[in-house]
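Visitor: Dropping the sequence and predicted coords here.
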Amino acid sequence: MTRRSVETVGLTKAFGGVVAVDDATVTFQDGKINALIGPNGSGKTTFFNCVTGMIKPDAGRAMYRGQDITGRSPHRIARAGIGRSFQLCRIFPRMTVLDNMLVAVRTTSLRAQLANSHNRSDLDRARGWLRRVGIDHLEGVEARNLSYGQQKLLELAGVLMGDPETIMLDEPAGGVNPALIERIAALVRQLNKEGRTFLIVEHNMDLVMSLSDHVVVFDRGRPIAAGPPPVIRADPRVLEAYLGV
Amino acid sequence: MPSVSSLLRLSVVVAGAALALSFPMLAPNPYILSAGVVVASYAVLSTSWNFVGGFTGYISLGHGAYVGLGAYGTGLLIIKAGLPSFAALLLSAALVAALAVPIGIASLRVRGASFVIVSISLVLILLLIFQSWASFTGGSNGLVVPRPFPGLRRPDHHLVFFYLFCALLAVALLSWWVIDRSRFGMGLKAIREDEDKAQSLGTPTFAFKLLAFVASATFTALGGGLYALWFGDLDPVFQFSILTGAYMVLMALLGGVRHLFGPLLGALVVGSALEYFKVEYGSTQLHLVATGLLLAAVVLFMPDGVIPALSDVYNRLFRPRATSIREATAAELRSQEEVRG
Ligand SMILES: Nc1ncnc2c1ncn2[C@@H]1O[C@H](COP(=O)(O)OP(=O)(O)O)[C@@H](O)[C@H]1O
Ligand SMILES: [Mg+2]
């Protein structure tokens, strides 16, 4: 029996006439590496944005571990345990690498909020994650001066700093070189072994098939197939969506 | 262990404070002393503006609203409610803080140019209200605010208020510094860079912006209220002026909004220039043109203000061997690519 991670029921979002996500009912599994694939413009990013509260869906519900999170603001969803990256890597360009990490520290009391941001325990944790993704030697550099690949690693480290149980990555391999893709894939596997759930939007089919336990396929805003990689690979509807046969 | 640069910084701060505090002794006449009070009040206002403008990047051109509310609040509480001067000042600032909550909730929903427009419209609305509600505010005839120390002669009056403004400035600077180094401040600076990203990392961005906004409005109101007690005569046209807000923006941008002392430095330069213009050319519109040109020049050529520009020059002249961050990075990037390559 698998526990449910993110799930949606009838999720719908239209931009003007374009229905980006169309009555999507899907379930992702807790503790697994889930993938969300589909042709360009099939609504994957919009789906992510609806689940993480960045945009409000027109209809339907989004749940996380059985809890309704529809319409909650993004910071509350983040604090519920869902971290996310963005398709076009978003970091804080004029902050140092280390400060980028410290933004993700979460505290609730006013006292803790007014404490020095460069305190020992936060710094140790930030440096730990930077070391883990392999950019700890750049901690004093302004983030805008990193290469695109390094920025992607920084974004991932920043998400991890928030200690999310579930991590949603929007095209983690997009625009990075093969060696770095391998590094990111290895990291995802490791983090998953440590108990973190992943939801990954990805175009690189080899990566998706080798990495994931469960794949959901979108076509024109609708889920058309779901299952383990071998099943998806053989599904005629998936081939049709991709090849337009 | 304190580094050389932090010792240097500390000694500059101490020297600056000593110079500021000895200014009344050095001022050759009461007129210069009163100009010093004006400049000190500008320093308070621009530093207050920087709580929201500097940390979050929300540019308010309408901060004159809180100057006016703080000033009229103080004056009216003394005249209509019979409160002692400084009790009126504090209560007035508290009322402005309370009022800043709904104003912030309404205006902080929009970003960029829209926020600028909303902030301007608030000043214009308040100007209209305070002009037309003459029975209560005195309207264009002005409101005479009783002096807190009626026995004091004019030079001593200036002297006392110069120190009061310096004390308020010290409190504002200290608060800004505490926020700047705090986790809260890190969240605010993240909002300046990318608000949605900050929120996706769990920062309650709206609450953070609102807190900074209320702090900013409150310090601005204290500055306005203290001005009312010093100057003693209020006119809506000057109190609720877009120009006041524009000065705050110019001073903060010129000095550098990312630096604790940026707005203070900007106020020293712009404030002194404005007072000088007033003496040399009287009340012409020349200072308006100068303000506009200077603002454009700063935005175009020194978007980070003079402090980074000056420290660049300092680094180039006195630390030729220390590479800048950017150069170091380029080298690091290259070695990185080699490792990966
Ligand atoms: N903010 C937006 N405004 C208007 N249309 C949008 C917006 N975001 C996405 N879309 C449209 O919605 C559809 C789905 O886009 P998206 O979710 O980005 O797909 P994917 O991530 O699968 O490539 C596309 O047709 C796209 O043009
Ligand atoms: Mg996308």
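Guide: Arrived safely, thanks for sending. Numbering: from 1, shown residues only, chains lettered A, B, ... in the order given. Ligands and ions are numbered 1, 2, ... in the order given.

Visitor: Run through the residues that contact residue B:54.
Guide: If you count contacts by Cβ atoms under 8 Å, 6 or more residues apart in numbering or on different chains, residue B:54 has them with B:176, B:252, B:257-258, B:262-263. Quick note: C-beta positions are derived from backbone N, CA and C, even for glycine.

Visitor: okay, those in a markdown table with neighbour count and distance to ligand 1 next?
Guide: What follows is the contacts of residue B:54, written out as a markdown table (neighbours: other Cβ atoms under 10 Å in any protein chain shown; distance: Cβ to the nearest ligand atom, whole Å):
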| residue | neighbour count | distance to ligand 1 |
| --- | --- | --- |
| B:176 | 24 | 37 |
| B:252 | 29 | 33 |
| B:257 | 24 | 30 |
| B:258 | 17 | 31 |
| B:262 | 25 | 36 |
| B:263 | 35 | 37 |
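
Visitor: which SS class is the most centrally placed residue in chain A?
Guide: Nearest to the geometric centre of chain A sits residue A:168, at 1.8 Å (Cα atoms, centre = their mean). Following DSSP: H, G, I helix; E, B strand; the rest coil, residue A:168 is assigned to strand.

Visitor: doesn't residue A:50 make contact with it?
Guide: No - when contacts are counted by Cβ atoms under 8 Å, residue A:168 is not listed as touching residue A:50 (11.5 Å).

Visitor: Run a quick neighbour tally on residue 67.
Guide: Looking at chain A here, since you left the chain open. For residue A:67, the neighbour count with other Cβ atoms under 10 Å in any protein chain shown is 10.

Visitor: looking at chain B here, not the other one
Guide: Neighbours around residue B:67, by other Cβ under 10 Å: 31.

Visitor: How about the secondary structure of residue A:63?
Guide: strand.

Visitor: Now do the contacts for the closest residue to it other than its chain neighbours.
Guide: Leaving out its chain neighbours, the residue that sits closest to residue A:63 by Cβ to Cβ, 6 or more residues apart in numbering or on different chains is residue A:7, at 5.0 Å. Residues near residue A:7 by Cβ under 8 Å, 6+ apart: A:26-28, A:62-64.

Visitor: helix or strand for residue A:140, which one?
Guide: Following DSSP states H and E, there is no helix or strand that holds residue A:140.

Visitor: And it, its phi and psi?
Guide: Dihedral pair for residue A:140: phi -90, psi 0, per degrees, to the nearest 10.

Visitor: What sits closest to it if chain neighbours are left out?
Guide: Computed as Cβ to Cβ, 6+ apart, the closest residue to residue A:140 that is not its neighbour in sequence is residue A:96, at 5.6 Å.

Visitor: go on, residue B:154?
Guide: With Cβ to Cβ, 6+ apart, the residue lying closest to residue B:154 is residue B:30, at 6.0 Å.

Visitor: residues near the one you found, how many?
Guide: When neighbours are defined as other Cβ under 10 Å, residue B:30 has 15 of them.

Visitor: got a list of what residue B:81 touches?
Guide: Counted by Cβ under 8 Å, 6+ apart, residue B:81 has contacts residue B:88.

Visitor: so what's it scoring on pLDDT?
Guide: On pLDDT, residue B:81 comes in at 96.

Visitor: and it, that's in a helix?
Guide: No - per three-state DSSP, residue B:81 lies outside any helix segment and is coil.

Visitor: Please report how far it lies from residue B:229.
Guide: The gap separating residue B:81 from residue B:229 is 15 Å, by Cβ to Cβ, to the nearest Å.

Visitor: so who does residue 29 touch?
Guide: Assuming you mean chain A. Residue A:29 sits next to A:2-5, A:197, A:213-214 when contact means Cβ under 8 Å, 6+ apart.

Visitor: need those in a markdown table with secondary structure, distance to ligand 2 and neighbour count, can you?
Guide: Output for the contacts of residue A:29, formatted as a markdown table (DSSP: H, G, I helix; E, B strand; the rest coil; distance: Cβ to the ion, whole Å; neighbours: other Cβ atoms under 10 Å in any protein chain shown):
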| residue | secondary structure | distance to ligand 2 | neighbour count |
| --- | --- | --- | --- |
| A:2 | coil | 26 | 12 |
| A:3 | coil | 27 | 11 |
| A:4 | strand | 24 | 13 |
| A:5 | strand | 20 | 25 |
| A:197 | strand | 20 | 24 |
| A:213 | coil | 22 | 15 |
| A:214 | strand | 19 | 21 |
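
Visitor: Dump those residues to JSON lines, plus pLDDT.
Guide: As requested, the contacts of residue A:29 are exported to JSON lines (pLDDT from 0 to 100):
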{"residue": "A:2", "pLDDT": "62"}
{"residue": "A:3", "pLDDT": "83"}
{"residue": "A:4", "pLDDT": "90"}
{"residue": "A:5", "pLDDT": "94"}
{"residue": "A:197", "pLDDT": "98"}
{"residue": "A:213", "pLDDT": "96"}
{"residue": "A:214", "pLDDT": "96"}
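
Visitor: Most widely separated two among these?
Guide: Taking Cβ to Cβ as the measure, the contacts of residue A:29 span a maximum distance of 14.1 Å, between A:4 and A:213.

Visitor: Bridged to the nearest residue to residue A:80 once chain neighbours are set aside, which residues?
Guide: Excluding its sequence neighbours, the residue lying closest to residue A:80 (Cβ to Cβ, 6+ apart) is residue A:64, at 6.0 Å. Note on residue A:64: beta-bridge partners by DSSP bridges are residue A:6, residue A:67.

Visitor: Pretty sure residue A:64 sits against residue A:76.
Guide: No - between residue A:64 and residue A:76 there is no contact under Cβ under 8 Å: 10.9 Å.

Visitor: which of these two has more neighbours?
Guide: A side-by-side neighbour count of residue A:64 and residue A:76, using other Cβ under 10 Å, places residue A:64 first with 22 against 13.

Visitor: returning to what we had before: please give me every residue in contact with the residue nearest to residue A:80.
Guide: So residue A:64 contacts A:5-7, A:77, A:80-82, A:166 (Cβ under 8 Å, 6+ apart).

Visitor: returning to what we had before: out of the contacts of residue B:54, who's nearest residue B:117?
Guide: Nearest to residue B:117 among those, counting by Cβ to Cβ, is residue B:252 at 19.2 Å.

Visitor: How is chain A partitioned into domains?
Guide: A:1-81+A:164-245, A:89-163 (automatic domain parsing).

Visitor: Could you check which helix or strand contains the residue in chain A positioned nearest to ligand 2?
Guide: Proximity to ligand 2, evaluated over chain A using Cβ to the ion, is greatest for residue A:45 at 3.2 Å. Residue A:45 belongs to helix A:44-51 when assigned by DSSP H and E.

Visitor: can that helix be found next to chain B?
Guide: No - Helix A:44-51 lies apart from chain B when judged by Cβ under 8 Å from any Cβ of the partner chain; the minimum separation is 9.9 Å.

Visitor: what does that helix contact?
Guide: Contacts of helix A:44-51 (Cβ under 8 Å, 6+ apart): A:6, A:8, A:11, A:13, A:20-21, A:24, A:36-38, A:54-57, A:62, A:69, A:77, A:82, A:84, A:87, A:168, A:170, A:199, A:201, A:218, A:221.
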